[in-house]
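Enquirer: sequence below, structure please.
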Amino acid sequence: MAERSPETNVIDFRAAEQLLAARDPRGAVQLLDPVIAAHPENTAARLLRARAFFLAAQLRPAELEFQIVLEREPDNAFAHFALARTLQRANRPDQALRHFRLAAALDPRPDFIEAARFPPPPPTPEEA
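Expert: Have a look, this model is predicted:
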């Protein structure tokens, strides 16, 4: 097989994003596999492939990809949240809760806080 050009990898990555948006996760994985083979350190490609695995209900590969992302970016709140959803779907609620809480601690978005089962923050003086 001929060596892939950087341009080909970018085109495939962008096409995989479009396939995922169009709810074709398996097609996205097929495009991302050679991108990651050429650039295994590319966290963005790994995160996109993890999301594609999750949407294709391939929970173990999704979990492994999210873990690789978190090894490289332990402060990635979205990766923690997505890993938690993956673990939740795999019926591992205790492990999921840990990652929901990490996501909420890193980024106190309302959906992260709700999933972490943290109490909502008290209203600010303007909201009271």
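Enquirer: now the helices: where do they sit in the protein?
Expert: In the chain, the helices defined using DSSP state H lie at 6-21, 25-38, 43-55, 59-72, 77-89, 93-106, 110-116.
Enquirer: JSON lines for the ones you listed, including mean pLDDT?
Expert: Listed next are these as JSON lines, based on pLDDT from 0 to 100:
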{"stretch": "helix 6-21", "mean pLDDT": "95"}
{"stretch": "helix 25-38", "mean pLDDT": "96"}
{"stretch": "helix 43-55", "mean pLDDT": "98"}
{"stretch": "helix 59-72", "mean pLDDT": "98"}
{"stretch": "helix 77-89", "mean pLDDT": "98"}
{"stretch": "helix 93-106", "mean pLDDT": "96"}
{"stretch": "helix 110-116", "mean pLDDT": "92"}
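Enquirer: let's have those helices in TSV, adding distance to residue 124 and mean neighbour count.
Expert: For glycine as for every other residue, the C-beta is placed from the backbone atoms N, C-alpha and C. Formatted as TSV, the helices of the chain follow (distance: least, C-beta to C-beta, whole Å; neighbours: other C-beta atoms under 10 Å):
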stretch	distance to residue 124	mean neighbour count
helix 6-21	36	15
helix 25-38	40	19
helix 43-55	33	22
helix 59-72	32	19
helix 77-89	22	22
helix 93-106	18	18
helix 110-116	14	16
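Enquirer: how about those, which one is nearest residue 125?
Expert: Closest of the helices of the chain to residue 125 is helix 110-116, at 19.5 Å (criterion: C-beta to C-beta).
Enquirer: other SSEs contacting that closest one?
Expert: helix 77-89, helix 93-106 (3 or more C-beta pairs under 8 Å, 6 or more residues apart in numbering; DSSP states H and E).
Enquirer: tell me what angle the first one forms with helix 93-106.
Expert: To tie it back to what came earlier, the one meant is helix 77-89. Per axes from the mean of the first three to the mean of the last three C-alpha atoms, to 10 degrees, the angle that helix 77-89 makes with helix 93-106 is 160 degrees.
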